[in-house]
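In: Predicted model and sequence below, questions to follow.
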Amino acid sequence: MKLLFSIMMLINTTFWPFDANILPGDSLVIVNKKSNQLVLFEGGQIVLESSIASGKTNELTPEGLFSITVKAINPYYRKLDIPGGSPLNPLGSRWIGFDARGTDGRTYGVHGTNQPQSIGQYISQGCIRMPKKELEQLYDRVLIGTKILIVNSSESMEELAKKYGAI
């Protein structure tokens, strides 16, 4: 089994560019912490825009190009043992986890909130909060493997998408 795993990793490393650039037309989620905005590009066009909430401090919400690795409906909030679907659950109705800082998609994510007034603020412990309607639209459109770019930039979303290859 270990040999098979090693061979698979070698093949993937050699022939499958996990860190490859985004190709024009690929889906790309861009989060700009400077403006607390999120957009989804598909086919080189913005198809979803939303205000968000991000980390209380700039360091809390990681920056970089990541991959969506986990999706969950009515996620369970492990930290305080709150079941999914509960109005007390701070994660809201959806979880879209990504692999920031060497994690597996269960630490950092885009999720809802039970405090909708927090949208637009710098308030989270590192995750990205979205309003329910826009979050559920995003959830339905993105696939596991979709790239998510998190920046703190004065550049427009279109400039960022172009810079990273989605346009």
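Out: Received, thanks. In this text the structure is predicted, and so the values were computed from the model without any measurement. Numbers count the residues shown, from 1 in each chain.
In: wait, residue 161 sits on residue 43?
Out: No: at 11.2 Å, residue 161 and residue 43 do not qualify as touching, with contact defined as C-beta atoms under 8 Å. From N, CA and C alone the C-beta is placed, and that goes for glycine too.
In: More neighbours: which of these two?
Out: residue 161 (23 against 11; other C-beta atoms under 10 Å).
In: does that one sit in a helix or strand, and which one?
Out: Assessed by DSSP states H and E, residue 161 sits inside helix 157-163.
In: Check which residues of stretch 34-50 are buried.
Out: 35-42, 48, 50 (16 or more other C-beta atoms under 10 Å).
In: Could you tell me how far that stretch lies from the centre of the chain?
Out: Put simply, stretch 34-50 sits 12 Å off its chain's centre (C-alpha atoms, centre = their mean, to the nearest Å).
In: Now do it: distance from first to last residue.
Out: 14 Å (C-alpha to C-alpha, to the nearest Å).
In: any residues touching it, and which ones?
Out: 24-25, 27-32, 51-54, 110, 119-122, 128, 130-131, 134-135, 137-138, 141-142, 151-154, 157-158, 161, 166-167 (C-beta atoms under 8 Å, 6 or more residues apart in numbering).
In: In helices, which of those fall?
Out: Taking DSSP state H, the ones among the contacts of stretch 34-50 that sit in helices are 134-135, 137-138, 141, 157-158, 161.
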